[in-house]
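Undergrad: return atomic coordinates for the entry below.
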Amino acid sequence: MPEEPWHTDRWFTSPWNFLPEIRDELSLPATVQVHDVTLRDGEQQAGVVLTTDDKLRIAEALAEAGVHRIEAGLPAVSPADDAAVREMVKMGLPSEIYAFSRCLVDDVKRAADCGVGGVVMEIPSSHHLIEKAYRWPVERAIDASIEATSLAHELGMKVSFFPIDATRAGLVEYLDLLEKVATDGHVDAIGLVDTFGVLSPHGVRLFVRRTRERLGVPLETHFHMDFGLGVANTLIAVGEGVEVVQTTVTGIGERAGNTPMEETVLALLTMYGLDTGIRTERFFEISKLVMRLAGVSQPSNRPVVGERLYNVESGIISTWVRNVGDELTESFPYRPELVGQPAPLLVLGKGSGLDSIAGALDRVGRTADPEQMQPILDEVKARSLSTKGLIDDETFVEILDTVTS
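TA: Residues are numbered from 1 along each chain as shown. Down below sits the predicted model:
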């Protein structure tokens, strides 16, 4: 069967995504780059502490996976953060290394001294946050931004201007602030920053279009997950031509976290036909590395990287998996190896069926007579209900010995 963008030997998504009625409404860029913020915004998740060695290991894994840009951290936070940024630059990774910086002259000098090629420079853009959280007059924020971005440019760094809380600012005040900084200071790119994850998908197009119309510079997304909309909003922004997306591994980050890299990159590939060049088969391994070093857990059924994503308990779906054989995309939207996951496993529990038992028998190298299958299944269900969990192979063999003896 000839391949289609939505149906290849590795994935099977919806053909609707590629209908002219849909595609004609999009302004997809030719390429999309991933700017990873795991080592800065990801570490801001409460309780997460990454050592210099941790950060270097994660950076190396990201670079090996083909991540285009790595935000190494904010050198001004601590000597350890400063050291991590410096060491990352020395590693000579194929990824571009960026630092994060407040719009302060000292921060800019520290970033330049670390040798990074680019700097993400933050300042609040909503007047209420400037006045209430920072207790600054708005003019001070603007003047600081102009001075700091100009210096960063003079010191040879690319400047990605990062207006905090942009989506809770008035549209006029937000755009006026950006234009003033871009005109009197220096801006190479603008971050579309939804700090509190409060922008609806229907608002993204306006956000992108008005910012582009006023500034005319490259745009980058930075969306949070407080309402679970980061991936959807990022995809809509890319559909408007945005070429850089800021993400974290498995969505770690402040509060509810950042837009997860894995879901975003996979959706772009399989639903939009946009290959970022990221090696998706590294996703499961990188996620486990970051989760372990960060000391955080995730749901077992998390998209793309959940530990039990390819475990099948339902009797109906177990039948599907056994019947389709190697045509796994009939039972799953993408093959497990596409994201580095192990092969599907038919597990035993309260929801299992006769095909689940057949699969388990194959796995443990046992057989059962047809009239024994239902009693085995009944006992598996009873044990699972009593323990409120899955039945492992050792327990399954015990059940076989009891029922078939």
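
Undergrad: what segments of the protein are strands?
TA: When assigned using DSSP state E, the strands of the chain occupy the ranges 33-36, 69-71, 96-102, 118-124, 158-164, 189-194, 219-223, 244-247, 311-312, 345-346.

Undergrad: where does this structure dip in pLDDT?
TA: 1-2, 133 (pLDDT under 70).

Undergrad: give me the most central residue, it.
TA: Computing the C-alpha centroid of the chain and ranking residues by C-alpha atoms, centre = their mean puts Pro260 first, at 1.5 Å.

Undergrad: now do the contacts for that one.
TA: Counting by C-beta atoms under 8 Å, 6 or more residues apart in numbering, Pro260 touches 225, 230-231, 247-251, 303-304. Using the backbone N, CA and C atoms, a C-beta is placed for each residue, glycine as well.

Undergrad: try 6 Å this time
TA: In this structure, Pro260 makes contact with 250-251, judged by C-beta atoms under 6 Å, 6 or more residues apart in numbering.

Undergrad: that one pairs with what?
TA: When bridges are assigned using DSSP bridges, the partners listed for Pro260 are Thr248.

Undergrad: excluding its backbone neighbours, what's nearest Leu235?
TA: Ala267 (5.9 Å; C-beta to C-beta, 6 or more residues apart in numbering).

Undergrad: my read: Ile164 touches Pro124, true?
TA: Yes. Applying C-beta atoms under 6 Å, one finds Ile164 in contact with Pro124, separated by 4.6 Å.

Undergrad: looking at these two now, which is surrounded by more residues?
TA: The neighbour count for Ile164 versus Pro124, taken as other C-beta atoms under 10 Å, is higher for Pro124 (26 against 21).

Undergrad: sorry, back to before: can you give me the neighbour number for the residue nearest to Leu235?
TA: Residue crowding around Ala267 was assessed by other C-beta under 10 Å; the count is 20.

Undergrad: what do you get for Ser297?
TA: Neighbours of Ser297 under the rule other C-beta under 10 Å: 10.

Undergrad: could you shift the numbering so residue one becomes 12, and keep it that way?
TA: Renumbered: residue one is now 12, and that last one reads Ser308.

Undergrad: re earlier: where's the residue nearest to the centre of the chain relative to Gly214, distance?
TA: Noted for Pro271: a distance of 21 Å to Gly214, by C-beta to C-beta, to the nearest Å.

Undergrad: repeat that for Pro310.
TA: Pro310 is 28 Å from Gly214, where distance means C-beta to C-beta.

Undergrad: and if you look at Glu231?
TA: For Glu231, the distance to Gly214 under the criterion C-beta to C-beta works out to 17 Å.

Undergrad: and what of Val204?
TA: 14 Å.

Undergrad: and these two? which has more neighbours close in?
TA: When Val204 is set against Gly214 and neighbours are counted by other C-beta under 10 Å, the residue ahead is Val204, at 25 against 14.

Undergrad: distance of the residue nearest to the centre of the chain from Phe294?
TA: Per C-beta to C-beta, Pro271 is found 10 Å from Phe294.

Undergrad: who's in contact with Glu54?
TA: The neighbourhood of Glu54, defined by C-beta under 6 Å, 6+ apart, consists of Leu61.

Undergrad: how about a cut-off of 8 Å?
TA: 60-61, 84, 305.

Undergrad: top of those residues by neighbour count?
TA: Gly84 (29 neighbours).

Undergrad: phi and psi next, for Leu104.
TA: Dihedral angles of Leu104 (phi, psi; degrees, to the nearest 10) stand at phi -70, psi 150.

Undergrad: correct me, but it touches Gly77?
TA: No. Using C-beta atoms under 8 Å, Leu104 makes no contact with Gly77, being 11.0 Å away.

Undergrad: enumerate the positions of stretch 174-186 that are buried.
TA: For stretch 174-186, the buried set under the neighbour-count rule, 16 or more other C-beta atoms under 10 Å, comprises 174-180, 185-186.

Undergrad: same question, stretch 97-117
TA: Neighbour-count burial for stretch 97-117, with 16+ other C-beta under 10 Å as criterion, is recorded at 97-100, 104, 106-115.

Undergrad: burial measure for Tyr145, as a count.
TA: Taking other C-beta under 10 Å as the criterion, the count of residues near Tyr145 is 14.

Undergrad: repeat that for the one 4 residues further on.
TA: Taking other C-beta under 10 Å as the neighbour definition, Val149 ends up with a count of 17.

Undergrad: next: the one 5 residues further on.
TA: Neighbour count of Asp154, defined by other C-beta under 10 Å: 17.

Undergrad: and what of the one 3 residues further on?
TA: Other residues within reach of Ile157, judged by other C-beta under 10 Å, total 18.

Undergrad: thought it was touching Val192?
TA: Yes. Look at Ile157 against Val192 with C-beta under 8 Å: they come within range, at 5.8 Å.

Undergrad: OK, contacts around Gly103?
TA: Residues in contact with Gly103, defined by C-beta under 8 Å, 6+ apart, are absent; none qualify.
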